[in-house]
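In: Model the structure of this input:
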Amino acid sequence: MTQLIDFRIPKPDTDYDWMHPSWRDLVIEHLQASKIDRERFLSRCGPQGILLALSTAGGGKGTRETPLLVDAEDWTRLQATVLTLLKSTKNNNEVRMVLRAIHDAMFRKCGTKQPRLVSVSDSLYGLAMNSLGTLRTKWDTGNHVISAATLSEYYRVSVLLSPLPPLPDMRPTWEDRWASVKEESGKENVLIDEWTQAISEWLDLAEIVASSEPRLLQQIAFPESYLDAVRSYLDYIESDTDSDFDADEPDDYNTEISRMEDLEPVVEQIGSVFSSLEDRAQVVQDAVEAAKLVLGDKRDEKFVEPSVDYEGRAPATRPSGGFDVDELFADL
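Out: This next block holds a predicted model:
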């Protein structure tokens, strides 16, 4: 009997974001065995393909590493693809995905040795150094504003390399984040949510700069030159907790409580970044916590939930002084 095989040809330029693990393993095995197809894949793949090529702990026993990088030519093609992507993409998520994949592969390669450094002779070393260099040139020549999350991934890769690669110029990013803080705090009608968002993003950046490039903080006289602005924010938060909030719906109270909860991590972060304001931040944090309790009590007092009996019915459904007919015949 002739066996019929149905080949389904996908449409041109179709992108696949997910495939069944067993099918994924078959694709990997095929690419490992076929140099021509592997070359085509590594030359044309996007972020997900780069992640696959650099993946570790794969396979049935979790021992498969960098499965598509069989020889030196594979590494060369992958590096060209990575550098092209990093140079051209405007998607910060793609940049972080690639840097995270490079870091994870490097970290596993280092094993438990101390210090954790990738050998200069390792192909990962060249890929990492050139990736950081491409990003640094792109950011510095374009005065890019870089997110704290992206800077964090760059920093994590850099500390596994020796000599330490230079960091990008973070001053444009700092000036942009600080300008947002000043803009929100200077508005006549302050919008606390927007102000909090601006403060939070600026603090995230301050923590990254403090760990990676503390010299910049010395140049800009941090934290001394910024204390007044941060105190102003804390004062506003504390005064906001004293407001006499009143609403006609329980959901309005829940929304206000949720808003207060969003303030707490930012106030705590202020105490962590500014050691001289640690006690002041704790006072404001206590005020926010107390305000949440007050709002919850007011909501519960104003909108009393009807009590229910063991069968889930409100007591008011039973006539006063009478008896429940359903209960009477329940055992019949």
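In: per-domain residue ranges of the chain.
Out: 21-168, 172-302 (automatic domain parsing).
In: Out of those domains, name the one with the poorest average pLDDT.
Out: Ranked on mean pLDDT, the bottom entry among the domains of the chain is domain 21-168, at a mean of 91.
In: one step back: kindly reformat the domains of the chain as JSON lines containing mean neighbour count.
Out: C-beta coordinates here come from the backbone N, C-alpha and C atoms, glycine included. Formatted as JSON lines, these follow (neighbours: other CB atoms under 10 Å):
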{"stretch": "domain 21-168", "mean neighbour count": "16"}
{"stretch": "domain 172-302", "mean neighbour count": "16"}
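In: hey, C-alpha coordinates of stretch 35-51 in PDB?
Out: This file holds the C-alpha atoms of stretch 35-51, laid out as PDB (Å, rounded to 0.1, in the frame of the first residue of the first chain):
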ATOM      1  CA  LYS A  35      24.300  23.200   7.600                       C
ATOM      2  CA  ILE A  36      22.600  24.900   4.600                       C
ATOM      3  CA  ASP A  37      19.300  25.300   6.500                       C
ATOM      4  CA  ARG A  38      21.100  26.300   9.600                       C
ATOM      5  CA  GLU A  39      22.900  29.000   7.700                       C
ATOM      6  CA  ARG A  40      19.700  30.400   6.300                       C
ATOM      7  CA  PHE A  41      18.000  30.300   9.700                       C
ATOM      8  CA  LEU A  42      20.800  32.100  11.500                       C
ATOM      9  CA  SER A  43      21.100  34.700   8.800                       C
ATOM     10  CA  ARG A  44      17.300  35.600   8.700                       C
ATOM     11  CA  CYS A  45      16.000  34.900  12.200                       C
ATOM     12  CA  GLY A  46      14.400  37.500  14.500                       C
ATOM     13  CA  PRO A  47      14.600  37.900  18.300                       C
ATOM     14  CA  GLN A  48      12.900  34.500  19.000                       C
ATOM     15  CA  GLY A  49      15.400  32.700  16.700                       C
ATOM     16  CA  ILE A  50      18.300  34.400  18.500                       C
ATOM     17  CA  LEU A  51      16.900  33.200  21.800                       C
END
